[in-house]
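1. test case, fold it:
(chains A and B)
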Amino acid sequence: MTDRMAIDRTSHLELEQHEKTFLDSNELIINMGPQHPATHGVLRVILKLDGEKVLGTECVIGYLHRGVEKIAEHRTYTMFNPYVDRMDYVAAVSNGLGYCEAVEKLLNVEAPRRAQYIRVILTELNRLASHMLWLGTHALDIGAITPLFYTFRDREEILKIFEKYCGARLTTHAFRIGGCSYETYDGFEREVKKFLDFVTPKIDEYEELLTTNRIWVERTKDVGKISARECIALGVTGPVLRASGVKWDLRKAQPYAAYSDFDFEIPVGQNGDTYDRYIVRMQEMRQSLRIIDQAIGKIPDGPIMAKVAKVMKPPVGEIYHSIEAPKGELGYFIVSDGSTQPYRVRVRPPSFVNLQALDMMVRGALVADVIAVIGTLDIVLGEVDR
Amino acid sequence: MLDYITSYLKSDTTPGSAGNMFWAFVYIVLIFLGLSVAVIAMNWLERKILAHMQVRLGPMRVGPHGLLQPIADALKLLIKEDIMPAEADPFVFWVAPLIVVITAFTVFIVVPFGPTHAVTDMNIGVLFMLGVSSLSVLGVVMAGWASNSHYPLMGALRSSAQMVSYEIAMGLAVISAVLMTSLNKEGTGTLSMIGIVQAQQAQHVWFVFKFFPLGLIAFFIFAVAMVAETNRAPFDLPEAESELTAGFHTEYSGFRWSLFFLAEYSAMIAVSSIAVTLWLGGWMRPFPNALDGETWDLVFSLVPGLTFMFLAGITFYSTARMPKHPYFKVQTIGLGGFGAVLALIGVALFVPPVRDRVQDIFWFSAKVAFSMYMYIWYRGTFPRYRFDQLMKVGWKVLLPLGIGVLVLTAIAGIVF
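-> Predicted coordinates:
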């Protein structure tokens, strides 16, 4: 823990001790969730309040725990693949990509170029879908109800592409270990291109509704501030980290799939507040479009599956592989004992780690800010609890 | 007896002023019924308009285009189990929705739908409306307190602070409009709702355009404050769904909840009618100066009938577009019948005696309807303010603005 954080901690303590109400009345303990319209699923936050002011929070998680990691120990590598889609169900493709690449690394095979391009396209489409869902729900939490329906309308187009590609809309299971299960369908490239033309003005539309909206700016500027050092100390990754000014994106830092072939930028913010995180994610959506645009033009020909044994028996060893999921660094740590089933799988979910920052971000803020901060952290409880 | 009843028809005052209890009672019943229908219609319209703003259809199942949805909802609310939390204070819990609903309905006795179309004409009309409608905060606080639960309590605290602070800005805006009524030869202003409209008639201007832009700013202050006063988006903090689940009425369900709902919508109509009376010329038709004369009077007197004919036309068009499947037969007939009723009303409005008596009411209602549409529009557009920002807007923006407008209006009244 850095010095600055130590100072912050003491100031929090002082806040609790000295800033009592003038009547010296008791603080209000409010239980927010697990059934609450703004906790994005089944997050339970216990708030300690002085009037409207937040003195402290405590997150209670585990309401959606399904023991995904334990399940992995009793499934073969191939059988476990669909389970990862159920963690961050909003970005199922990214989860699948991370797992497939981790096992491929363990098996020491590499997916063919064509498969990697398809992976990049679908993953970026999924990033768009995830960010759209985030934008809609985040705006809804802050009280703007209309963007939700706009984003869902446009997200639907992405889901249609997924459905045509692999038959599923949400939990896609789009990739297999060693490549892709499916060849692209006829007109895939045309439809993706059409989608790009369709969605670019739509993103402008969202920005028109919110970016310069006075109330939106007032509600998000200087709310839930977190500095770069605090982010790093807590292990926060993804757009939250980038909005604090750290140019860290695994797609650039340690390129996986075919990301090194594409030209794109990492949007960063300065203040690390909710507004910057909003701006960063909006720009990320545009960068995703850029990547898809580059990739769709030059999908190489060739096979979509590498040579992988039907019954996979990775050599004894362990591997950690992480990718840049829409919410941050999604890592898989897999230990193989040489059998058909992994000895241990540990997932490093970005939502779980980012959620740690909640308490630090909302201390001293108002109740309405808690809602805004939960929204801006972009957590998916399926991934937090696994 | 018959003389007593018919004698009022020849007078040109409100029943209250004429001291005629019979007609006052008739007016009260009419307003009560009209208000209930307006709330039902508003419910359907809000859901439909909001839905179309948000690229969806809204209610479509109950009745053609969901026209019967509000009735189905009302029925559902009536037959729901009456739940009172075990820890609640039963009497206060019971009385809170009543207070809210009674205050919301009481204010309508001074709303002037026309020069004679009001239950009564009080000489303190505006004061009465503001005073009674601000009592509703009492009901809200009682509801939040009696629920004995955290979220309602916070909602009640928020709403009491909010309604009290915005009342001040609202009052200042109202005073500047009342000040304008005193710009006649005698120099006597009036607080009577009918008197205020008559003052606008005498000065040949709607007060929103008086001393441009002073009237407009005062109207703007009132328009913002009235949204806050009725707890609607973007000032819907007391019932902020994403923060406090449902705010002060979280613990209410069934019929008690529907009373809050009823009160909210009739309060919206009430404050809108204050705004219409004070700034938008009350029952006066648009363009009383620019398009003056007998011919224009005739043209504008036809508008109510034409509006209903237009609505009937839309309904008939939708009827023709209904699916031809036998399953939709009843709905198609129903929609056609609804169109026929609208057309009949339209025809009735063309008949000269009806036309002359009803067009005041029509113009007043049309202006209120416009204001209600704005409410829906705000809800579809704006995010919600945070509590401290709400207070900042009320005390640091609207209040100084209101005082400034008041002073400038007074100066302008003397100078011009």
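2. every contact and neighbour count from this point should use C-alpha atoms.
-> Fine.
3. all the helices of the stretch 51-200 of chain A, residue numbers only.
-> Taking DSSP state H, counting those that start in this stretch as the test, the helices found in the stretch 51-200 of chain A are A:68-72, A:77-85, A:92-107, A:113-142, A:146-166, A:188-210.
4. what number of residues lie near A:Glu208?
-> Other residues within reach of A:Glu208 by the criterion other Cα atoms under 10 Å in any protein chain shown amount to 11.
5. let me see the contact set for it.
-> By Cα atoms under 8 Å, 6 or more residues apart in numbering or on different chains, the contact set of A:Glu208 is empty.
6. just the pLDDT at it, thanks.
-> On pLDDT, A:Glu208 comes in at 85.
7. who touches A:Val268 in this structure?
-> With Cα under 8 Å, 6+ apart as the criterion, the residues that contact A:Val268 are A:242-247, A:280.
8. and if we set it to 6 Å?
-> Residues touching A:Val268, when contacts are defined by Cα atoms under 6 Å, 6 or more residues apart in numbering or on different chains, comprise A:242-243, A:245.
9. checking my notes, it in a strand, right?
-> No: if the criterion is DSSP: H, G, I helix; E, B strand; the rest coil, then A:Val268 is coil and not within a strand.
10. coming back round to it: top of the contacts of A:Val268 by neighbour count?
-> Of all the contacts of A:Val268, the highest neighbour tally under other Cα under 10 Å goes to A:Ala243, namely 29 neighbours.
11. can you give me the distance of A:Asp378 to chain B?
-> For A:Asp378, the distance to chain B (Cα to the nearest Cα, to the nearest Å) stands at 16 Å.
12. what about that residue, how many neighbours?
-> The tally of other residues near A:Asp378 (other Cα under 10 Å) stands at 25.
13. excluding chain neighbours, what is closest to it?
-> By the measure of Cα to Cα, 6 or more residues apart in numbering or on different chains, the closest residue to A:Asp378 outside its immediate chain neighbours is A:Trp134, 6.2 Å from it.
14. still on that earlier bit, can I get the helices of the stretch 51-200 of chain A in JSON lines with distance to A:Ile61?
-> Listed next are these as JSON lines, based on distance: least, Cα to Cα, whole Å:
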{"stretch": "helix A:68-72", "distance to A:Ile61": "15"}
{"stretch": "helix A:77-85", "distance to A:Ile61": "19"}
{"stretch": "helix A:92-107", "distance to A:Ile61": "21"}
{"stretch": "helix A:113-142", "distance to A:Ile61": "20"}
{"stretch": "helix A:146-166", "distance to A:Ile61": "26"}
{"stretch": "helix A:188-210", "distance to A:Ile61": "31"}
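15. if we can go back for a sec, among the contacts of A:Val268, which are in helices?
-> Judged by DSSP state H, helices contain the following of the contacts of A:Val268: A:242-243.
16. okay if I get the contacts of A:Val268 as CSV plus distance to chain B and pLDDT?
-> Conversion of the contacts of A:Val268 to CSV gives the following (distance: Cα to the nearest Cα, whole Å; pLDDT from 0 to 100):
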residue, distance to chain B, pLDDT
A:Arg242, 25, 90
A:Ala243, 22, 90
A:Gly245, 27, 87
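17. can I get the contacts of A:Val268 in JSON lines with distance to B:Leu9?
-> Formatted as JSON lines, the entries for these read as follows, by distance: Cα to Cα, whole Å:
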{"residue": "A:Arg242", "distance to B:Leu9": "75"}
{"residue": "A:Ala243", "distance to B:Leu9": "72"}
{"residue": "A:Gly245", "distance to B:Leu9": "76"}
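18. average pLDDT across stretch B:147-159?
-> Taken as a whole, stretch B:147-159 carries a mean pLDDT of 83.
19. show me what counts as buried in that stretch.
-> Residues of stretch B:147-159 classed as buried under the neighbour-count rule (16 or more other Cα atoms under 10 Å in any protein chain shown) are B:147-159.
20. closest one of these to B:Pro115?
-> B:Ser159 (35.3 Å; Cα to Cα).
21. tell me who's in contact with that closest one.
-> By Cα under 6 Å, 6+ apart, the contact set of B:Ser159 is B:Pro238.
22. helix, strand, or coil at it?
-> With three-state DSSP as the basis, the three-state label of B:Ser159 is helix.
23. give the closest residue to A:Phe195 in space, chain neighbours not counted.
-> Counting by Cα to Cα, 6+ apart, the nearest residue to A:Phe195 once its immediate chain neighbours are dropped is A:Glu157, at 7.2 Å.
24. that neighbour: how many residues sit nearby?
-> The burial metric for A:Glu157, expressed as a neighbour count using other Cα under 10 Å, is 17.
25. cool, B:Val92 as well?
-> The number of residues packed around B:Val92, counting by other Cα under 10 Å, is 17.
26. helices along the stretch 251-386 of chain A, start to end?
-> Assignment of helices within the stretch 251-386 of chain A using DSSP H, counting those that start in this stretch yields the ranges A:274-297, A:350-355, A:357-362, A:367-377, A:381-385.
27. can you give me the pLDDT of the residue nearest to A:Phe195?
-> A:Glu157 is assigned 90 on the pLDDT scale.
28. next: the one 10 residues further on.
-> Note on A:Gly167: pLDDT of 87.
29. which residue does chain B bring closest to chain A?
-> Distance from chain A to each residue of chain B (Cα to the nearest Cα) is smallest for B:Pro383, at 3.9 Å.
30. so where is the stretch 151-300 of chain B shaky, pLDDT-wise?
-> B:187, B:240-242 (pLDDT under 70).
31. let's see that with 80 instead.
-> Across the stretch 151-300 of chain B, the stretches falling below the confidence threshold (pLDDT under 80) are B:183-189, B:211, B:233, B:237-247, B:288-294, B:297.
32. which stretches of it form helices?
-> The residue ranges that make up the helices of the stretch 151-300 of chain B, judged by DSSP H, counting those that start in this stretch, are B:193-203, B:214-229, B:241-244, B:254-279, B:294-321.
33. what's the closest of those to A:Ala91?
-> Taking Cα to Cα as the criterion, helix B:241-244 is the member of the helices of the stretch 151-300 of chain B that comes nearest to A:Ala91, at 23.8 Å.
34. was I right about A:Ala111 contacting A:Gly178?
-> Yes: taking Cα atoms under 6 Å as the contact criterion, A:Ala111 and A:Gly178 are neighbours in contact, 5.0 Å apart.
35. what residues do the two have in common as contacts?
-> With the criterion set as Cα under 6 Å, 6+ apart, the overlap between the contacts of A:Ala111 and A:Gly178 is A:Ala306.
36. who are the contact partners of the residue nearest the centre of chain A?
-> Most central residue of chain A, judged by C-alpha distance to the mean C-alpha position with Cα atoms, centre = their mean, is A:Lys327 at 1.9 Å. Contact criterion Cα under 6 Å, 6+ apart gives A:238, A:350 as the residues in contact with A:Lys327.
37. now with 10 Å, please.
-> Each residue near A:Lys327 by Cα atoms under 10 Å, 6 or more residues apart in numbering or on different chains is listed here: A:88, A:91, A:127, A:130-131, A:134, A:236-240, A:281, A:349-351, A:354, A:377-380.
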